[in-house]
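Colleague: what would the 3D arrangement of this be:
(4 chains)
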Number of protein chains: 4
Amino acid sequence: MIIQLDPTISEAAKADILSRINDLKYKVTEVNTQRAHYLVAIGKADIDLRTIGQLPGILDIHRVSDEYKLVSRKWRVRPTVLDLGDGVRIGEGSLSIMAGPCSIESEAQMEKIMQHLVDNDVRIMRGGVFKPRSSPYSFRGLGMDGLKLFHQMARARGIKIITEVMQVSQVEEMHDYVDVFQVGARNTQNFNLLDALGGVDKPVLIKRGISGTLEELLSSAEYVFSGGNEKLILCERGIRTFETASRNTLDLNAVPILKEKTHLPVIVDPSHGIGIRDYVAPMALAGVMAGADGIVYEAHEKPEEAASDGAQTLNFAESARLVRNLRRVYALRQELE
Amino acid sequence: MIIQLDPTISEAAKADILSRINDLKYKVTEVNTQRAHYLVAIGKADIDLRTIGQLPGILDIHRVSDEYKLVSRKWRVRPTVLDLGDGVRIGEGSLSIMAGPCSIESEAQMEKIMQHLVDNDVRIMRGGVFKPRSSPYSFRGLGMDGLKLFHQMARARGIKIITEVMQVSQVEEMHDYVDVFQVGARNTQNFNLLDALGGVDKPVLIKRGISGTLEELLSSAEYVFSGGNEKLILCERGIRTFETASRNTLDLNAVPILKEKTHLPVIVDPSHGIGIRDYVAPMALAGVMAGADGIVYEAHEKPEEAASDGAQTLNFAESARLVRNLRRVYALRQELE
Amino acid sequence: MIIQLDPTISEAAKADILSRINDLKYKVTEVNTQRAHYLVAIGKADIDLRTIGQLPGILDIHRVSDEYKLVSRKWRVRPTVLDLGDGVRIGEGSLSIMAGPCSIESEAQMEKIMQHLVDNDVRIMRGGVFKPRSSPYSFRGLGMDGLKLFHQMARARGIKIITEVMQVSQVEEMHDYVDVFQVGARNTQNFNLLDALGGVDKPVLIKRGISGTLEELLSSAEYVFSGGNEKLILCERGIRTFETASRNTLDLNAVPILKEKTHLPVIVDPSHGIGIRDYVAPMALAGVMAGADGIVYEAHEKPEEAASDGAQTLNFAESARLVRNLRRVYALRQELE
Amino acid sequence: MIIQLDPTISEAAKADILSRINDLKYKVTEVNTQRAHYLVAIGKADIDLRTIGQLPGILDIHRVSDEYKLVSRKWRVRPTVLDLGDGVRIGEGSLSIMAGPCSIESEAQMEKIMQHLVDNDVRIMRGGVFKPRSSPYSFRGLGMDGLKLFHQMARARGIKIITEVMQVSQVEEMHDYVDVFQVGARNTQNFNLLDALGGVDKPVLIKRGISGTLEELLSSAEYVFSGGNEKLILCERGIRTFETASRNTLDLNAVPILKEKTHLPVIVDPSHGIGIRDYVAPMALAGVMAGADGIVYEAHEKPEEAASDGAQTLNFAESARLVRNLRRVYALRQELE
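Modeller: Predicted structure coming up:
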């Protein structure tokens, strides 16, 4: 069960609640986030919630049968909306478009892409500075120097930044230069990293593991939330199946399923999801129609010269057309019965 | 390579062509369909197509590097459109909606569903009379008696019928009572059945195997085409993955990939594809946005009382809303850049 | 529940039993096999088995909670052993080795392989005469003429034959020329074929579908058993996963799991299972160590010239060594605690 | 290509080699391990190795076409054998048995298990002190205090320790208390962790990711090796497939494939691999027969009371019997042709 405490609760009242729950042999985790103070209690005894709920200092109490608790829609029905500032929001009520190169490569490259984003009113730019690569001999990104330049240039243009964090020690280092931390598919179950991100007050987008179940994705989000950070976004980015016609199998089923199971925003990444340029646009449009709150995709002035992922990256003409179409599809979705 | 022969070709001219190809050590298959006469020649010698193409009696000649030949878009660029009569078409230029129960159960059940279809201007009804069931103790359908009644009632209302054929001996038996033969996911590689369907002049919808690659699906279609029947439709109906949150994983990636690789119409079955009622509508809409030529889904007056598949079946109110939304999404798709 | 009837039961007694079961709203299937007469009753009412079991004419009665009933080890604890005649048995107490080419190609080829089998005291030969091929343009086997020659030559040498049946109409045609019918991985859920094989008195080996669960495999065996044929063998032959380092993923986990869940013999096919010659022998040996009752593998005088599957086929030297090693591993397995 | 440098090479000679390789536009990585000094050069130019190989200061030079280089058997044919001291070795020539509980729980628990290991001459004990758990509310292990006690007790009994490291900051902290670092299935592609383990002189066992390809596993090993640590062990521990009859699908195909592709030792973990106690022993025996250099499994005095993974853990009687059988199977394997 999840208990939301009154922010003005006295220590005595809280101790009383904890004692009552301990008597039930429930295990309690205290969760303090940016927004509120909760107790998550897990146990087997069959109880009448009202016997706890009536205690002083409790705002509300809910039973949640899912493995994950705080991210469940059974507890919080109202969708979570994140405010990145300057009128940029992620979550129900708007369509978030995030675009940019696989890797941040140079000032000149960023200059061009940012202009493209501004021209198309895209407010969030993606781009990797720390790159997880399966071979140790591949390009591993520009690191903090790249990020600082990325941040400086984006600020000057009113653009928000999302970029991948790969390890605990980077969380503090990167903190002031990102608007959204991205946890990549290979780190979805890097629990130490999730714990660390629970301690910051910045949004975190968690990508689904390449063979991660949706329940595992929700449990990973629960790690961050229970660590103290409610600002969470989930991202479907393709799973591994037997099919070899595309790099991955973008699993759009995840969109309606997640939208029902959690109050968190759900974003679709068709670039990694299908991995072949020609199919990125139809899958992006289908993702919005399935109910996604946003799309993140790879765009580059000259995809064929990109340092990584060129085969799945759109050029600027394709990107601009996609943005226009995405907005029309989103507009229709809001009108449907 | 594929050679299309002049219908008026002389035996001598044809013999000459075959002799030239044999000299190249190519293996030749003669294909006579409803529309034309082809030679499919497969071999390794590197040849100048013009040396063959200039022979008398040849209309055109193409090299096709895919495993499948006659169903490849590398050979036939123009999309295939099937005409079921009475103004009902399947393929580019229209959105085909096919709905109905998992199983044909009774006259009363069909009466209600057909009225629902007529009310919503849905022209094609699905419904099984021979049911493939993983347990021998489950309901296996009403058989030919059910089909005859289904056919009679549908004819009276201007409705076309699609139903599953499970074995060779049923092909002839069912022939006069169906408008489209359906090959189910468990029979996608039942090559004898595909051969038999190559011998009839009725459309055949082939469902993707539950772990079938797209290339295998196209090769199964090639069986029917090379057997003499060009009237083919492909259907994505969900694949088997590690994910257990839904019955299957509807693979919408299949839609843009198939639309690029073949000239055949592509239909999406969200009912089997995701297997949970609440998610059928968003996935159907997403399927159309991804480029599908049609949707086939399960509808029943009282899904909770259906003889099979109730958990993934829409009731009439949900079905009517889905039809209206599908048409709006399709209309928008045609307007997009 | 499964009721075994006394073979001398009177019609009246049987009618009484059926009437009692009908009162419970159980659905009954009568099963008459080579060995006995059973009633399989499926329903939800919670009953005391003794109230039925004491009725006259009942030999025994068991409750079986599995989806499959007659093939479950919860019902029949003693392992099934099949006798092919001439001292050739399949099932616990012996190690069955089945070897031969993917396809029967010619008299000369069979001559050589049979001599190899005789030299190594291998008593069962595999070889396809009807070949399921994913492309319609591939070699499809020698058909009945090949089978008749295969049969004649095998009989002369005391060799038993296992070969694949692909469709219902072949069952009768092939019947007198095979010792074991094989149902291939693409036909594991060809329920009409399974029904037809329920009507014959010859052993049937059912291969696991390429993405078939073990429960589905057991349910397919249940089809044949409930159709009247108890002579069943199950075969693990590799499943489809994300891994591309081998053609398929031989799932040896299936061996101990099936041995616990069913009384039927379990055979392993490492040739199709892993699909690469160098790995066939270690996986075959591992299969026996995991508990398999036998191994079926592909051998050919000159694998590089085989009409199909050459890359996974052993030559005679490799085959002879494998046979010797298999027997040593099996001998050790029987000695282990 | 991989160049092994003479340890006494002069700076000038090395600079000359690097300059020649740079001229070819190859990218060079210098690798200094416990054993030697290598240059790994990757590029596209087609060169005659001898033009480089003859330069002073080069011991040998090889071309390696695999994605992974230093772990490839194309480069180093001789199998790697690791010496843990006190006569405990891992790699060809011996069978490594590693057993112990999922989690280190208490001194009393360790006391009992260590006695069991000593009684059965098992020299390596597994046991987690940092536990990766998919839910943040689960038991996460005893941490460093548990490890220190584990180490002290094991040293007193001549037992070597293998335990999981989850993040970079733990590498230094744990270093003096472990004999083998284990990288868990969720961290197989935690590249920062792999980099950090490249900097230590202790063996590292890397588990295959739950949906990791064998090529990815080898590339992860390449990370550690190219970071400076040659002491590597690979571990197959089950993959995720569609099958639900067991927790995971232990992929024994990995054993012969890895043994051919790399010179590193290969260990099998049947406990996580199949996840059900009754099947652990047959799969362990099959793993050795398939060619594994060792087995790691879970054992506990009272599995039903274990803090985690009880359902896949052997009790002491089962464990002792397994050890005896493993040794007999290994002995036979060495005798086979």
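
Colleague: how about the residues of the stretch 151-300 of chain A by chain B?
Modeller: For the stretch 151-300 of chain A, the residues in contact with chain B (Cβ under 8 Å from any Cβ of the partner chain) are A:211, A:213-215, A:239, A:241-246, A:249-253, A:255-257, A:260, A:273-274, A:278-279, A:282-283, A:285-291. C-beta here means a position set from N, CA and C on the backbone, and glycine is covered the same way.

Colleague: ok, now with 6 Å
Modeller: Proximity of the stretch 151-300 of chain A to chain B, by Cβ under 6 Å from any Cβ of the partner chain, involves residues A:211, A:213-214, A:241-243, A:245-246, A:249-253, A:256-257, A:274, A:279, A:282, A:285-286, A:289-291.

Colleague: between helix B:316-335 and the longest helix seen in chain A, find me the angle.
Modeller: Across chain A, the helix with the greatest residue count (assigned by DSSP state H) is helix A:316-335. If you take axes from the mean of the first three to the mean of the last three Cα atoms, to 10 degrees, helix A:316-335 sits at 150 degrees to helix B:316-335.

Colleague: list the helices and strands helix A:316-335 packs on?
Modeller: The contact analysis (3 or more Cβ pairs under 6 Å, 6 or more residues apart in numbering or on different chains; DSSP states H and E) places helix A:316-335 against helix A:277-290.

Colleague: immediately after the helix it packs on, which helix or strand?
Modeller: The helix or strand immediately downstream of helix A:277-290 is strand A:294-298, counting by DSSP states H and E.

Colleague: just the pLDDT at residue A:182, thanks.
Modeller: According to the prediction, residue A:182 has pLDDT 98.

Colleague: wait, a strand at it?
Modeller: Yes - assessed with DSSP: H, G, I helix; E, B strand; the rest coil, residue A:182 lies in a strand.

Colleague: quick check: it touching residue A:162?
Modeller: Yes - taking contacts as Cβ atoms under 6 Å, residue A:182 lies within contact range of residue A:162: 5.4 Å.

Colleague: got phi/psi on residue A:125?
Modeller: Note on residue A:125: backbone dihedrals following degrees, to the nearest 10 are phi -110, psi 130.

Colleague: residue A:159 versus residue A:98, what's the distance?
Modeller: Distance from residue A:98 to residue A:159, counting by Cβ to Cβ, to the nearest Å: 10 Å.

Colleague: same question, residue A:176
Modeller: From residue A:176 across to residue A:159, the span is 16 Å (Cβ to Cβ).

Colleague: same check, this time on residue A:335
Modeller: Using Cβ to Cβ, one gets 30 Å for the distance from residue A:335 to residue A:159.

Colleague: other residues contacting the helix or strand of chain A with the lowest mean pLDDT?
Modeller: The helix or strand of chain A with the lowest confidence, counting by mean pLDDT, DSSP states H and E, is helix A:49-53 at a mean of 90. The set of residues external to helix A:49-53 that reach it, using Cβ atoms under 6 Å, 6 or more residues apart in numbering or on different chains, is residue A:61.

Colleague: neighbours of the closest residue to chain C within the stretch 1-150 of chain A, how many?
Modeller: Relative to chain C, the nearest point of the stretch 1-150 of chain A is residue A:134 (14.2 Å; Cβ to the nearest Cβ). Residue A:134 has 19 neighbouring residues, counting by other Cβ atoms under 10 Å in any protein chain shown.

Colleague: again with residue A:238
Modeller: 26.

Colleague: coming back round to it: neighbour-wise, which of residue A:335 and residue A:159 wins?
Modeller: Neighbour count, other Cβ under 10 Å: between residue A:335 and residue A:159, residue A:159 has more, with 23 against 9.

Colleague: so the more buried one sits against residue A:127, correct?
Modeller: No - applying Cβ under 6 Å, one finds residue A:159 not in contact with residue A:127, separated by 10.4 Å.

Colleague: which residue is the nearest non-sequential neighbour of residue A:322?
Modeller: With sequence-adjacent residues excluded and distances taken as Cβ to Cβ, 6 or more residues apart in numbering or on different chains, residue A:322 is closest to residue A:281, at 5.0 Å.

Colleague: how near is the one you found to residue B:241?
Modeller: Relative to residue B:241, residue A:281 is positioned 24 Å away (Cβ to Cβ).

Colleague: so between the two, which is more surrounded?
Modeller: Using other Cβ under 10 Å, the more surrounded residue of residue A:281 and residue B:241 is residue B:241, with 26 against 22.

Colleague: next one: that one from residue A:150, what distance?
Modeller: Computed as Cβ to Cβ, the residue B:241 to residue A:150 distance reads 36 Å.

Colleague: what do you get for residue A:180?
Modeller: From residue A:180 over to residue A:150 (counting by Cβ to Cβ), the distance is 13 Å.

Colleague: could you do residue A:156 as well?
Modeller: Computed with Cβ to Cβ, the distance linking residue A:156 and residue A:150 is 11 Å.

Colleague: out of the two, which sits in the more crowded spot?
Modeller: residue A:150 (25 against 9).

Colleague: from residue A:140, how far out is the nearest residue to that one once chain neighbours are set aside?
Modeller: For residue A:150, ignoring the flanking residues on the chain, the nearest one in space by Cβ to Cβ, 6+ apart is residue A:104 at 5.3 Å. To residue A:140, residue A:104 is 12 Å away according to Cβ to Cβ.

Colleague: more neighbours, these two?
Modeller: Comparing residue A:104 with residue A:140 by other Cβ under 10 Å, the one with more neighbours is residue A:104, at 29 against 18.

Colleague: so who does the more buried one touch?
Modeller: Each residue near residue A:104 by Cβ under 6 Å, 6+ apart is listed here: A:127, A:129, A:142, A:146, A:150.

Colleague: inside helices: which ones of these?
Modeller: Counted as lying in helices by DSSP H, out of the contacts of residue A:104, are A:146, A:150.

Colleague: now the contacts of residue A:104 as JSON lines including pLDDT?
Modeller: Formatted as JSON lines, those follow (pLDDT from 0 to 100):
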{"residue": "A:127", "pLDDT": "96"}
{"residue": "A:129", "pLDDT": "96"}
{"residue": "A:142", "pLDDT": "95"}
{"residue": "A:146", "pLDDT": "96"}
{"residue": "A:150", "pLDDT": "97"}
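
Colleague: tell me which two in the contacts of residue A:104 are the farthest apart.
Modeller: Within the contacts of residue A:104, A:127 and A:142 form the most distant pair, 9.7 Å apart (Cβ to Cβ).

Colleague: looking at these two, which is more packed in?
Modeller: Shown here are residue A:127 and residue A:142; by other Cβ under 10 Å, residue A:127 has more neighbours (28 against 21).

Colleague: okay, the more buried one and residue A:153: tell me how far apart.
Modeller: Residue A:127 sits 11 Å away from residue A:153, going by Cβ to Cβ.

Colleague: same check, this time on residue A:56
Modeller: Residue A:56 sits 53 Å away from residue A:153 when distances are taken as Cβ to Cβ.

Colleague: cool, and residue A:305?
Modeller: To residue A:153, residue A:305 is 20 Å away according to Cβ to Cβ.

Colleague: what about the helices in the stretch 101-250 of chain A?
Modeller: Here the stretch 101-250 of chain A has its helices, by DSSP state H, counting those that start in this stretch, at A:107-119, A:143-156, A:168-174, A:191-197, A:214-226.

Colleague: looking at those, spot the one closest to residue A:7.
Modeller: Relative to residue A:7, the nearest member of these by Cβ to Cβ is helix A:214-226, separated by 17.9 Å.

Colleague: average pLDDT for that closest one?
Modeller: The average pLDDT within helix A:214-226 is 97.

Colleague: which bits of the stretch 101-250 of chain A sit near chain C?
Modeller: Residues of the stretch 101-250 of chain A found near chain C (Cβ under 6 Å from any Cβ) are A:240, A:242.

Colleague: change it to 7 Å
Modeller: Within the stretch 101-250 of chain A, the residues that sit near chain C (Cβ under 7 Å from any Cβ of the partner chain) are A:240, A:241, A:242.

Colleague: tell me which stretches of the stretch 1-150 of chain A form strands.
Modeller: According to DSSP state E, counting those that start in this stretch, the stretch 1-150 of chain A carries its strands in the segments A:2-5, A:27-32, A:37-42, A:58-62, A:82-85, A:88-90, A:96-100, A:124-126.
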